[in-house]
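1. Compute the structure for the input listed below.
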Amino acid sequence: MNGLTFRPCRITDAPGLATLFHRAVHEGAGRHYSTEQCHAWSPAPPMDEGWRRRLIEAQTVVAERGEDLLGFMTLDIATGFVDFAYVVPEVMGQGVADTLYAIVEGRARSAGLRDLETEASLLGERFFRRHGWRVINRNQITRDGITMPSATMRKPLARPRFAAA
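-> The predicted model follows:
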């Protein structure tokens, strides 16, 4: 992970993160979903105001190397919902997502959240399971008439134990 920087998202990151998201869906998660499902999930990189708002209103952490955006993860600090967790296919399995997750979970713990929740893709489910998450519900999401499996997942955050003085 030489030369990687992890930092808060900037509004100017939105177009690059939209492209990253689209690539991650089609090239990364595409191994687990059909072409039709990937197209329904992300027909084009999202470039609207709603996309920018979702990135900025959440605590979004970005991974970059030089000028290249390599991944991002978002946390709604009020609810503990992890909305986005994506890396470019070239760095999958190289620890970028693990580091993004460690930062997000650390922020959640610092904020005193009791648990985290997400709606995970089939690929995301494997990632989150490795970090101690559990499936609490299996879902079938329909977009543009195409059904895709996903899972609602949750991770309780253990409270630190303090010894009595």
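2. shaky segments in this protein?
-> Applying pLDDT under 70 to the chain flags the ranges 1, 159-165.
3. Please put the alpha-carbon coordinates of the longest helix along it into PDB.
-> Longest among the helix segments of the chain by residue count, using DSSP state H, is helix 96-110. Below are the C-alpha coordinates for helix 96-110, written out as PDB (Å, rounded to 0.1, in the frame of the first residue of the first chain):
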ATOM      1  CA  VAL A  96      -7.400  -0.700   0.700                       C
ATOM      2  CA  ALA A  97     -11.000  -1.600   1.600                       C
ATOM      3  CA  ASP A  98      -9.700  -3.000   5.000                       C
ATOM      4  CA  THR A  99      -8.000   0.300   5.800                       C
ATOM      5  CA  LEU A 100     -11.000   2.400   4.800                       C
ATOM      6  CA  TYR A 101     -13.200   0.100   7.000                       C
ATOM      7  CA  ALA A 102     -10.800   0.400  10.000                       C
ATOM      8  CA  ILE A 103     -11.100   4.200   9.700                       C
ATOM      9  CA  VAL A 104     -14.900   4.200   9.400                       C
ATOM     10  CA  GLU A 105     -15.300   1.800  12.300                       C
ATOM     11  CA  GLY A 106     -12.900   3.800  14.400                       C
ATOM     12  CA  ARG A 107     -15.000   6.900  13.800                       C
ATOM     13  CA  ALA A 108     -18.200   5.000  14.700                       C
ATOM     14  CA  ARG A 109     -16.600   3.900  18.000                       C
ATOM     15  CA  SER A 110     -15.300   7.400  18.800                       C
END
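4. Next, the distance between the ends of stretch 22-33.
-> 14 Å (CA to CA, to the nearest Å).
5. Pull the distance from it to the chain's centre.
-> Mean C-alpha position of stretch 22-33 versus that of the full chain (CA atoms, centre = their mean, to the nearest Å) differs by 14 Å.
6. Enumerate the positions of that stretch that are buried.
-> Residues of stretch 22-33 classed as buried: 22-26, 28-30, 32-33 (neighbour count, 16 or more other CB atoms under 10 Å). To be clear about C-beta, it is placed using only N, CA and C from the backbone, and glycine gets the same treatment.
7. Looking at these, which is nearest residue 4?
-> In terms of CB to CB, no member of the buried residues of stretch 22-33 lies closer to residue 4 than residue 24, at 17.0 Å.
8. Look at the closest residue to the closest one other than its chain neighbours and say how many residues are nearby.
-> In this structure, residue 24 finds its nearest non-sequential neighbour in residue 86, 4.1 Å apart by CB to CB, 6 or more residues apart in numbering. Neighbourhood size, residue 86 [other CB atoms under 10 Å]: 24.
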